[in-house]
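K.L.:
I would like the atomic coordinates for the input below:
(chains A and B)
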Protein chains: 2
Amino acid sequence: MAYDAAALASVTREQIEAGPQNIWRYAALLPTGQDPATRVTLDPGLTPLVSATALAAEVGLRAPLWVKDDSANPTHSFKDRVVSVALTAARELGFTRFACASTGNLANSVAAHAARAGVPSIVFIPGDLEQGKVITTAVYGGELVAIDGSYDDVNRLCGELVETDEFEDTAFVNVNVRPFYAEGSKTLGYEVAEQLGWRIPAQVVVPMASGELLTKIDKAFSELVEIGLVEAPEGGWTVFGAQSAGCNPIATALHNGTDQIIPVKPTGIAKSLNIGDPAAGSYAIEAVTRTGGWMDYADDDEIRDAIQLLARTTGVFAETAGGVTVAVLKKLVASGKLDPDKETVVYNTGEGLKTLDAVAGQVGPTHRIKPSLRGARDAGLLG
Amino acid sequence: MAYDAAALASVTREQIEAGPQNIWRYAALLPTGQDPATRVTLDPGLTPLVSATALAAEVGLRAPLWVKDDSANPTHSFKDRVVSVALTAARELGFTRFACASTGNLANSVAAHAARAGVPSIVFIPGDLEQGKVITTAVYGGELVAIDGSYDDVNRLCGELVETDEFEDTAFVNVNVRPFYAEGSKTLGYEVAEQLGWRIPAQVVVPMASGELLTKIDKAFSELVEIGLVEAPEGGWTVFGAQSAGCNPIATALHNGTDQIIPVKPTGIAKSLNIGDPAAGSYAIEAVTRTGGWMDYADDDEIRDAIQLLARTTGVFAETAGGVTVAVLKKLVASGKLDPDKETVVYNTGEGLKTLDAVAGQVGPTHRIKPSLRGARDAGLLG
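P.N.:
Numbers count the residues shown, from 1 in each chain, chains lettered A, B, ... in the order given. Modelled structure (predicted):
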């Protein structure tokens, strides 16, 4: 985990811009993977930063709005970033099997990375995951263990397994190599700044599960300023956090004026955010409070509507977590917590194809006709 | 559709390499979109060319094998390429509504492009499509017309609608702006050559629906040689075509020693390839015959197995069309039609998440346990 601080200070924009078209262009700012030959990776990153003018208009923002679309990663979530960094470190540390506790996206990513690298994997998931995330893990051929319990149960068991002799050669990306994993999230901050022409946006809205993604995006912005790659925006940047109503322990603590998180039993459709006992919750509250931001949460109907709103206005089809973030953006504008005259970036961390059930009841064909001009005319398609 | 031939001849590798990280780096070789401001696009392209050493070993190839993974496009199929080119032309030509006849992937892409551009869309699909492809079109909010019939019925009806007054302002990407659409496929040839360091591979295996993708990849290679960007490989390149057993009219004609295609009624799980009356079939036969290649087809079980084989050995999860191509690669090696000592590229044109049903019965959790060390021990995970 030790960076070379001197090397950091000498990193230039030009070096980064000349790097590969993925997260490894920031290798100098990451704790591992400086040598391309050592990387265990699907080469995620440099996902699109989509201008969202029509969405801005619909939610009442007057300043530019951007969607950072991380569904474009190889296994279609931001987890590819953290897994690439964690498994690169894991192989360097001598681990010979890759593992994780997962709400689904992480499982997909670990299994795919292991398949690409030719390393055995064992992935632990809650028994009630969306079919899309189960099949997309199982298809890569590693071991896949479904556990009768919640994500928090899965996570606790993995914390016990990692202490056993049978698992001493196994790297759990979010347990025993977690510090590397967490650092991978910083690339979501670096990229946005670079894609804006080396500027930090005034406001960001970030979904929260453990809360770690939010803290690492904030950290990435701080690092860019510290090492002189970017100037801080006037008035600094402001970080906003988004949860679902079915799992809102971090937002609830903030609303109650405390940083003491009271764990909850998660419910609701935003399963990829359903961590009832969020490890980085208090750090997320610190970052949001320090930067003058806020947190809010959206219920299942608001999430479904927001998925459609985002798709209709930007062409980006998000999974439920993206619906959470867009729904919360809307609330933050309505409540005056988010400044409609400041440039804003919302993070979409996953792909709508993985959570089709969320909108399956809401969208479908607008017409059903016989294959003839008469059929088209009867359906009103010919005026 | 008129290119500037003189401009073409003066295109350099350096100009292309300095271009955007998407298909528009080849704008000088495309019939539209030279001015970035005119583009109707999700900026697809520059998808990964994945080294597939483990897959090569399993199918018996000794030379390098690559998977061109077009599931990495914005709506997760190669159709984003052709739609970006067709709709850019359509807007320049004054069309005010975007449409298509589709087996699913094209529908997704047209609806998403229209949403991003803020242009109305109307998409026509067969009534029996996979749920993933229906929802992923409907979610963007345009009109979506499900037709009681096959793709060929849908296509025929669109050919009739385009002649009506009510549709005179409507661009059907694969009907009245089809020449532009088809040219977009060339980028799948350009990119592979550039990603190989400006070399054309000795052999390519391409899935066939209408047959047009195959002919356009061949055309792209020819153009690159003609304008001096690439030298032809020694002995030229060889093009192979892949169909499913449920819809194999092109391969059957070739096997029968004719270029007369006898239309079929498609069946089987590879729905994105189910065009029973393939418009470019005879051209595909010409390209394959001229380059010394061959065609073959795979049945549903072979397709399912090949999806898993590809995922397990490369970390790429393909839709059924990708399973077709990998299954046919395997057959072509086994039958001696494809030279195992020559560098080969196989094209994966779509995303496994869109055709989950294909493998849903075959893969799943390998263990199901209680959330405790005892549960893990009982399942044999602790030795």
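K.L.:
so which residues of the stretch 201-350 of chain A form helices?
P.N.:
A:212-226, A:249-255, A:281-290, A:300-314, A:320-334 (DSSP state H, counting those that start in this stretch).
K.L.:
now for A:Ala18, how many residues are close by?
P.N.:
Using other C-beta atoms under 10 Å in any protein chain shown, A:Ala18 has 9 neighbouring residues. Every residue, glycine included, has its C-beta placed from N, CA and C.
K.L.:
could you check how far it is from chain B?
P.N.:
12 Å (C-beta to the nearest C-beta, to the nearest Å).
K.L.:
for A:Arg312, same thing?
P.N.:
Going from A:Arg312 to chain B by C-beta to the nearest C-beta gives 4 Å.
K.L.:
so what's the residue positioned nearest the centre of chain A closest to, chain neighbours aside?
P.N.:
With distances taken as C-alpha atoms, centre = their mean, A:Thr349 lies nearest the centre of chain A, 3.5 Å away. In space, and not counting its chain neighbours, A:Thr349 is closest to A:Phe78: 4.4 Å by C-beta to C-beta, 6 or more residues apart in numbering or on different chains.
K.L.:
show me the contacts for the one you found.
P.N.:
By C-beta atoms under 8 Å, 6 or more residues apart in numbering or on different chains, the contact list for A:Phe78 reads A:Asp70, A:Asn105, A:Ser185, A:Leu188, A:Leu213, A:Tyr347, A:Thr349, A:Gly350.
K.L.:
from those, which one has the minimum pLDDT?
P.N.:
Of all the contacts of A:Phe78, A:Asn105 carries the smallest pLDDT score, 94.
K.L.:
what's the neighbour count on it?
P.N.:
The number of residues near A:Asn105, taken as other C-beta under 10 Å, comes to 29.
K.L.:
wait, it sits on A:Lys354?
P.N.:
Yes. Between A:Asn105 and A:Lys354 there is a contact under C-beta atoms under 8 Å: 7.3 Å.
K.L.:
state the distance from A:Thr215 to chain B.
P.N.:
From A:Thr215 to chain B the distance is 28 Å (C-beta to the nearest C-beta).
K.L.:
and that residue, how many neighbours?
P.N.:
For A:Thr215, using other C-beta under 10 Å, the count is 26.
K.L.:
okay but it is in contact with A:Ala287, surely?
P.N.:
Yes. Between A:Thr215 and A:Ala287 there is a contact under C-beta under 8 Å: 5.2 Å.
K.L.:
what sits in contact with each of the two?
P.N.:
With C-beta under 8 Å, 6+ apart, A:Thr215 and A:Ala287 have no common neighbours.
K.L.:
domain ranges for chain A, per the record?
P.N.:
Per automatic domain parsing, the structural domains of chain A span A:49-76+A:182-360, A:94-176.
K.L.:
for the shortest one, the distance to its chain's centre please.
P.N.:
Its chain's C-alpha centre lies 18 Å from the corresponding centre of domain A:94-176 when counted by C-alpha atoms, centre = their mean, to the nearest Å.
K.L.:
and it, end to end?
P.N.:
Domain A:94-176 has its terminal residues 13 Å apart, counting by C-alpha to C-alpha, to the nearest Å.
K.L.:
same deal with stretch A:16-23?
P.N.:
End to end - C-alpha to C-alpha - stretch A:16-23 spans 10 Å.
K.L.:
residues making contact with it?
P.N.:
A:25-28, A:30, A:41, A:43-46, A:81, A:84-85, A:184, A:187, A:191, A:194, A:229, B:21, B:46.
K.L.:
and if we set it to 10 Å?
P.N.:
Stretch A:16-23 is contacted from outside by A:12, A:25-30, A:33, A:36, A:39, A:41-47, A:73-74, A:80-82, A:84-85, A:184, A:186-188, A:190-191, A:194, A:198, A:229, B:21, B:46, B:48, using C-beta atoms under 10 Å, 6 or more residues apart in numbering or on different chains.
K.L.:
next, the single nearest residue of the stretch 151-300 of chain A relative to chain B: phi, psi?
P.N.:
Across the stretch 151-300 of chain A, the shortest distance to chain B (C-beta to the nearest C-beta) belongs to A:Asp153, at 3.9 Å. For A:Asp153, the backbone dihedrals (degrees, to the nearest 10) come out as phi -60, psi -40.
K.L.:
tell me the contacts of A:Gly241?
P.N.:
A:Gly241 neighbours (C-beta under 10 Å, 6+ apart): A:204-208, A:211, A:213-215, A:248, A:250-251, A:254, A:281, A:284-285, A:287-288, A:293-297, A:325, A:328, A:332.
K.L.:
same thing but 7 Å
P.N.:
By C-beta atoms under 7 Å, 6 or more residues apart in numbering or on different chains, the residues touching A:Gly241 are A:Val206, A:Met208, A:Leu214, A:Ile250, A:Ala251, A:Ala284, A:Val288, A:Met295.
K.L.:
buried ones from those residues, can you make that a PyMOL selection?
P.N.:
Only the buried entries of the contacts of A:Gly241 go into this PyMOL selection, using 16 or more other C-beta atoms under 10 Å in any protein chain shown:
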select buried, chain A and resi 206+208+214+250+251+284+288+295
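K.L.:
any idea which of the contacts of A:Gly241 is closest to B:Phe124?
P.N.:
A:Val206 (39.1 Å; C-beta to C-beta).
K.L.:
got the contact list for the closest one?
P.N.:
A:Leu213, A:Leu214, A:Ile217, A:Val239, A:Phe240, A:Gly241, A:Ala242, A:Tyr347.
K.L.:
who's the last one bridged to?
P.N.:
With DSSP bridges applied, the residues forming beta bridges to A:Tyr347 are A:Lys68.
K.L.:
that one reaches A:Thr325, doesn't it?
P.N.:
Yes. Here A:Tyr347 reaches A:Thr325: they are 6.1 Å apart, a contact under C-beta atoms under 7 Å.
K.L.:
where do the contact lists of these two overlap?
P.N.:
Shared contacts of A:Tyr347 and A:Thr325, counting by C-beta under 7 Å, 6+ apart, come down to A:Val205, A:Pro207.
K.L.:
between those two, which one's more packed in?
P.N.:
A:Thr325 (31 against 25).
K.L.:
how near is the more buried one to A:Val205?
P.N.:
In this view, A:Thr325 and A:Val205 are 6 Å apart by C-beta to C-beta, to the nearest Å.
K.L.:
overlap in contacts of the two?
P.N.:
With C-beta under 7 Å, 6+ apart, A:Thr325 and A:Val205 have common neighbours A:Ala242, A:Val346, A:Tyr347.
K.L.:
now, which of these sits nearest B:Thr164?
P.N.:
Using C-beta to C-beta, these come closest to B:Thr164 at A:Val346, 41.4 Å.
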